[in-house]
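Trainee: Build the 3D model from these lines:
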Amino acid sequence: MHHINPLIRAAFTASIVALFAWLSAASLAGASELSDVQSGTLYLKSSPDAPAVEALRVATTMQAQVTGDVARVHVMQTFSNTGSDWVEGLYVFPLSADAAVDELLMTVGERTIRGDIQEKVQAQANYAQARSEGKRASIVDQERPNMFTSAVANIAPNSTVSIEITYLETIPYRDSRYTLRLPLAITPRYAPGAALDPAAPLAAANAALLNAAIGTSATPERVTAPRQSVDITVELTAGFPLGSVTSLHHTVTIDNDALGKQVHLAGSQVPADHDFELVWTPAVADEVATAAFAETMGDDTFALLVLTPPNAADEATQPREVTFIIDTSGSMQGPSIEQASSALRLGVGRLQPSDRFNIIRFASDYSSLFASPQGVSAANLMLAGQFISSLRADGGTEMRAPLERAMSTPATTGYLQQIVFITDGSVGNEAELIGLIHQRIDKARLFTVGIGAAPNSYFLEQAAAAGRGSYTFIAARDQVGSRMQDLFQKLERPALVDLKLQWPENLTADLASAVPGDVYAGDPLVILARLPKPPSGYLVLSGSIRGRDWVHQVPIKQVGNQSGLSKLWARERIADLSRQLQFGGDRVQLHTSILELALKHHVVSEFTSLVAIDTEVVRPPGSSGHVEQAPTSAPTGSYWATGFAKTGTPADLLLICGLLSIALGGLLHWASFRKEMVR
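Mentor: Presented below is the predicted three-dimensional model:
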């Protein structure tokens, strides 16, 4: 009997471990674990301890009613349990970060159960009790400001379940257009410092273990290649003559009706792999677009003001020192890195001879073109072109270090310091980074450029706000030129600063959030306020542009009590209080304030949930469970659409190591075998 050489045994062990790791990564990349979610998806669990998998989704329908500057959106997805077992489900969906989610309807068979807002801890306890008692129940939680989950208990065999979520949001006039954005996809997010990258395949196992340990759901951000479908209808009542109505990424049909236009996705089974964007423009655009509305609810009046500041006259601007930061992590693979590189080239090419610049690329690590910003010379522009051409997308998404590097670089005397941050925003530590920007931005300005079919819009918008800058989204290659033009206008022209509001009759307003210090040309100023009585007359705004006084009067129009301004005010106030939490505010006081606002105005928040519980016991004791699974889809063009992203887990390297180890082990074993034969 031959004894195996320890070296041979080690080689074979290494090969098995490496090969198993690669196979696990590859298989989990295509599997749909609890954290493998793209668009709204219902996960089924036969019991609280059973693994969660997806139910077959029958249909997804989104209906948006747009009236003026406010949209009310209904998201309904119908699922069917075709098996003979009772199941529990988890429904995952992205929403706008500004969405005020205020309604939940669960329809099972002929029964419809309406959700009620409760403190999250109490809602989860009530849901768990109803589940154990065999009652139909559903709960909606906010996992992140732009991501929500809904659990569904006791779905009967061979039955259909419909979940309807309703929310409100404002649609301001920005960059000479209105844009309704309906999120349909989620780009997986990288968590710096984690043992396993949540954007990598093996992290799904970690999420499942976490769910089992704490009895809840980790934020589900995993995606897989198969596609789901969606149907969308928009009823557009703009309140003014329309110049154009365009769907940027989907083919639509547009019909005229008595009040405005009705927009519908063309065809059937439209893939839900790209955020939906509907854009419309007024037939005649004023230099300053304004709108002001008010509604009375009880003893309070709520007002909404939307203003787009004027374009400053073309004139010589202060020399700029621009640092471009570009994301080259694995989530940027495919069209995203091409779009980002094109945007970067345009940004560099737009610089003037009097400007200074630098470029920082980052993934798992970071590097820069120059040690510090340099002048715009022919030689430096050539070096920049070579640097951009060498960019490749791979690795993790470590944003903190490059941001710190850019913000800690002292500005050259006499230069306006600007940072242009080009990324898809696929990180899980948004709060940490937003707090960092708020603390370290000093006199610089941060402008974000969102890339891809499903960018993390919450992070990109909040990062720009913390950096006193502006944000721009580029969803396709053919948008790079026009969207970067929008950004250049903000970079090169002075902002409207020192803003002040004077309400009619000297009313004292309780603003949902503070008026921003700077507002750039093309960016909307959205103000939500609570007033002691209905205002009449004009709201006066004043400020200055490059030291010159600016004054504008806005007439206020009273609207009906069903417009939802009170909920929008509450949602924005909650968002402002949540930002204070991120910036180190009093946690107990802020928690209490957020909870009181959310309960009073019936909106979902980080501390409240919508829960719907039926009184009827429907599940027989001891009934068995069954698990079904449906595929989910990845954002179009992303690496996840065809495989798993190279964002932290070196699956390809593991495969190579495994194959080499097998070959080495085989050679060593053959050599040992021949040696034994010679003996």
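Trainee: mind listing what the residue nearest to residue 118 when sequence neighbours are not counted touches?
Mentor: The shortest distance from residue 118 to any non-neighbouring residue, by C-beta to C-beta, 6 or more residues apart in numbering, is to residue 611 (5.6 Å). The C-beta positions use only the backbone N, C-alpha and C, and glycine is treated the same way. Residue 611 makes contact with 104, 115, 116, 118, 123, 126, 127, 137, 138, 139, 140, according to C-beta atoms under 8 Å, 6 or more residues apart in numbering.
Trainee: which residue is nearest the middle of the protein?
Mentor: For the chain, the residue whose C-alpha lies nearest the mean C-alpha position (C-alpha atoms, centre = their mean) is residue 456; its distance is 3.1 Å.
Trainee: could you dump the contacts of residue 611 to CSV with neighbour count, distance to residue 371 and secondary structure?
Mentor: Formatted as CSV, those follow (neighbours: other C-beta atoms under 10 Å; distance: C-beta to C-beta, whole Å; DSSP: H, G, I helix; E, B strand; the rest coil):
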residue, neighbour count, distance to residue 371, secondary structure
104, 23, 55, strand
115, 27, 56, coil
116, 14, 59, strand
118, 19, 56, strand
123, 23, 54, helix
126, 17, 59, helix
127, 23, 56, helix
137, 24, 60, strand
138, 26, 56, strand
139, 28, 53, strand
140, 25, 50, strand
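Trainee: quick one, helices of the stretch 251-400 of the chain?
Mentor: 335-349, 378-389, 400-408 (DSSP state H, counting those that start in this stretch).
Trainee: among these, which is nearest residue 249?
Mentor: Nearest to residue 249 among the helices of the stretch 251-400 of the chain is helix 335-349; the distance by C-beta to C-beta comes to 12.3 Å.
Trainee: what distance separates stretch 343-362 from the centre of its chain?
Mentor: Mean-position distance between stretch 343-362 and its chain equals 27 Å (C-alpha atoms, centre = their mean, to the nearest Å).
Trainee: Sketch out the low-pLDDT regions of this structure for me.
Mentor: 1-59, 91-92, 193-228, 258, 285-289, 310-317, 559-562, 624-635, 637-679 (pLDDT under 70).
Trainee: quick one: which of the contacts of residue 611 is nearest to residue 564?
Mentor: Minimum distance to residue 564 across those is 16.0 Å, recorded for residue 104 (C-beta to C-beta).
Trainee: can you give me the helices in the stretch 1-150 of the chain?
Mentor: 6-30, 120-132.
Trainee: Packing partners of the shortest one?
Mentor: The contact analysis (3 or more C-beta pairs under 8 Å, 6 or more residues apart in numbering; DSSP states H and E) places helix 120-132 against strand 135-144, strand 147-155, strand 608-617.
Trainee: Give me the angle between the second one and strand 135-144.
Mentor: This means strand 147-155. 170 degrees (axes from the mean of the first three to the mean of the last three C-alpha atoms, to 10 degrees).
Trainee: Now do whatever helix or strand comes next after strand 147-155: distance to the chain's middle.
Mentor: For strand 147-155, the following helix or strand on the C-terminal side (DSSP states H and E) is strand 159-170. Per C-alpha atoms, centre = their mean, the displacement of strand 159-170 from the mean C-alpha position of its chain is 19 Å.
Trainee: in its sheet, what does strand 159-170 sit against?
Mentor: strand 70-81 (antiparallel), strand 100-108 (antiparallel) (DSSP bridges).
Trainee: so who does residue 102 touch?
Mentor: 117, 166, 167, 168, 564, 567, 601, 602, 603, 604.
Trainee: and the helices of the stretch 251-400 of the chain as CSV, adding distance to residue 363 and mean neighbour count?
Mentor: Converted to CSV, the helices of the stretch 251-400 of the chain look like this (distance: least, C-beta to C-beta, whole Å; neighbours: other C-beta atoms under 10 Å):
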stretch, distance to residue 363, mean neighbour count
helix 335-349, 11, 21
helix 378-389, 15, 14
helix 400-408, 10, 18
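Trainee: would CSV of these with distance to residue 259 be doable?
Mentor: CSV is the format used below for these (distance: least, C-beta to C-beta, whole Å):
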stretch, distance to residue 259
helix 335-349, 37
helix 378-389, 48
helix 400-408, 46
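Trainee: Among the ones you listed, which comes closest to residue 504?
Mentor: Evaluated over the helices of the stretch 251-400 of the chain, closeness to residue 504 peaks at helix 400-408, with 41.2 Å, by C-beta to C-beta.
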